[in-house]
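S.K.: prediction below, plus the sequence it came from.
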Amino acid sequence: MSGREKIFTDGACSGNPGPGGWAWVIPGNNFSSGYAKQTTNQRMELTAASAAVQALDGPLRVHSDSTYVVNCFVQEWWKGWLKRDWKNSKKEPVANRDLWEPFIELVNARGDVEFLWVKGHAGHRLNEAADQLATTAAAQQAAQSGGIFTDAIVRGIQVDGSGGAQQPEDNTTHSIAIFGHRPPELGGYGENSTTLSIRRRMIELLRAKVQMHSDLQVVTGLGLGAEMLGAEAAAAAAVPYRVVLAFDGMEERWPDATQKRFHELLSAALSVTTASDETPNNGDEFGKAMGRRDDAIIRLADEAIVVRDPKDRTLGALQKKLERQFEEDVWIIQPDQ
């Protein structure tokens, strides 16, 4: 059983049938989630497992709290279904054949996938994370929330009338830092399918985290790309965010539309601090200023989200630094998923 990638899956449904969500999570905290408008809990459990197997190559062990999914393969229900021309032991049509048939074909074609049942809601960190992500996705669909962003949503943190987000009554907060690629690695400076997908996954993760930490805050450097998307996701998820700038005037050479968005997000922040008093004059000074900013953000955070293509080495050193600091509490969002 050694040498297999572990992946944890879960599905959720509000109403059963009703709006549903699914999710998978792997150690190292890469994850994916999605939803359906009208579905069942079994279909979401099955969709989560199928999505997991489709997403990852190489020997795989799927951990699920669904006996419906696990026993199909462990007890080889599927063999009886095929023998009886997709009838169950009661000679009734197999439910959810539209999902089962391609999934079983995929698992059998690969030959390197195992399934293991885990007890749900028993305190296993990654099972709980998958459950929260699936539940959040289902709730979002039920509420008809989505990823269309307007200036109002960007400024959507509830405010006290003075233009700033309300400070929690106590100073004990749980903070999550946002780091990641710049626009060239995310499809460009404008809105596109990659940025929409990243923002949606950030929103889902933050909403799931709020269920675990009601005092959640985001910390971002508000740099181009993933960091600004993180602030937008926080605003949409009604999570307060703090901004730590590398230096004053960092946005002055950006495109006009991007500068406008930067200042809108800055005005909605819970607080704004600057890591360096001096404006860098060359690339070396710029790198040092960004390093001081990153260190300041890390000191404020309890965990981190990193938007990074694993094939791109640009953020490799930063990710390793975050993993040394936060261990398992580093969540990876891959731009191309």
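M.R.: Arrived safely, thanks for sending. Note that this is a predicted model, so its numbers are computed, not measured.

S.K.: now do the contacts for S193.
M.R.: G187 (C-beta atoms under 8 Å, 6 or more residues apart in numbering). Placement of C-beta: from N, CA and C, glycine included.

S.K.: from here on, count from 27
M.R.: That works, and once the first residue is 27, the last one we named lands at S219.

S.K.: for R226, see how far away it is.
M.R.: In this structure, S219 and R226 are 11 Å apart, going by C-beta to C-beta, to the nearest Å.

S.K.: also K145?
M.R.: With the distance defined as C-beta to C-beta, K145 ends up 30 Å from R226.

S.K.: please say which of those two ends up with more neighbours.
M.R.: A count of neighbours by other C-beta atoms under 10 Å puts R226 above the other of K145 and R226, at 19 against 9.

S.K.: doesn't that one lie inside a helix?
M.R.: Yes - counting by DSSP: H, G, I helix; E, B strand; the rest coil, R226 is found in a helix.

S.K.: pLDDT wise, what is it at?
M.R.: You'll see R226 listed with a pLDDT of 87.

S.K.: contacts only, for D91.
M.R.: Contacts for D91 (C-beta under 8 Å, 6+ apart) come out as D36, W143, V144, K145, G146, H147, N153, D157.

S.K.: just the residues you listed now: which is nearest V236?
M.R.: Nearest to V236 out of these is D157 (C-beta to C-beta; 14.3 Å).

S.K.: domains in this structure, by residue range?
M.R.: Per the record, the chain has its domains at 31-169, 177-359, by automatic domain parsing.

S.K.: now tell me which of these the model trusts least on average.
M.R.: domain 177-359 (a mean of 83).

S.K.: mind checking how far that one is from the chain centre?
M.R.: Using C-alpha atoms, centre = their mean, to the nearest Å, the mean C-alpha position of domain 177-359 is found 14 Å from that of the whole chain.

S.K.: A294 and A262 touch, don't they?
M.R.: No - counting by C-beta atoms under 8 Å, A294 does not reach A262; the two are 11.4 Å apart.

S.K.: report all helices and strands that the helix or strand N134 falls within contacts.
M.R.: Element membership for N134, per DSSP states H and E: helix 123-136. Contacts defined by 3 or more C-beta pairs under 8 Å, 6 or more residues apart in numbering; DSSP states H and E place helix 123-136 against helix 67-81, helix 93-100, helix 103-109.

S.K.: in the first one, what's buried?
M.R.: When burial is assessed from 16 or more other C-beta atoms under 10 Å, helix 67-81 yields the following buried residues: 67-79, 81.

S.K.: quick one: which of the residues you listed is nearest L248?
M.R.: Using C-beta to C-beta, A81 comes nearest to L248 of those, at 30.4 Å.

S.K.: how much space between the nearest residue to that closest one once chain neighbours are set aside and A261?
M.R.: Nearest residue to A81 in three dimensions, chain neighbours excluded: S58, at 6.3 Å (C-beta to C-beta, 6 or more residues apart in numbering). With distances taken as C-beta to C-beta, S58 is found 23 Å from A261.

S.K.: repeat for D303
M.R.: D303 is 28 Å from A261, where distance means C-beta to C-beta.

S.K.: neighbour count: those two, which is higher?
M.R.: For D303 versus A261, neighbours defined as other C-beta under 10 Å are more numerous around A261 (25 against 8).

S.K.: where do the strands sit along the stretch 227-363 of the chain?
M.R.: 242-246, 267-271, 297-300, 329-333, 356-359 (DSSP state E, counting those that start in this stretch).

S.K.: right, and these - which one's nearest H89?
M.R.: strand 356-359 (17.9 Å).

S.K.: can I get that closest one in PDB? Just the C-alpha atoms.
M.R.: Presented in PDB, the C-alpha positions along strand 356-359 are these (Å, rounded to 0.1, in the frame of the first residue of the first chain):
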ATOM      1  CA  VAL A 356      -0.100  25.700   3.100                       C
ATOM      2  CA  TRP A 357      -2.900  25.400   0.500                       C
ATOM      3  CA  ILE A 358      -1.800  25.200  -3.100                       C
ATOM      4  CA  ILE A 359      -4.100  26.400  -5.900                       C
END
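
S.K.: partners of it, with directions?
M.R.: strand 329-333 (parallel) (DSSP bridges).

S.K.: next, the angle from the partner strand to strand 242-246.
M.R.: In terms of direction (axes from the mean of the first three to the mean of the last three C-alpha atoms, to 10 degrees), strand 329-333 departs from strand 242-246 by 50 degrees.

S.K.: could you work out the most separated pair of the contacts of D91?
M.R.: Most distant of the contacts of D91, by C-beta to C-beta, are W143 and D157, 14.5 Å apart.

S.K.: neighbour count winner among these two?
M.R.: Neighbours were counted for W143 and for D157 using other C-beta under 10 Å; D157 has more, 24 against 15.

S.K.: ok, and the closest non-adjacent residue to that one?
M.R.: Nearest residue to D157, sequence neighbours excluded (C-beta to C-beta, 6+ apart): D36, at 4.7 Å.

S.K.: so the one you found: helix, strand or coil?
M.R.: Under three-state DSSP, D36 falls in the strand class.
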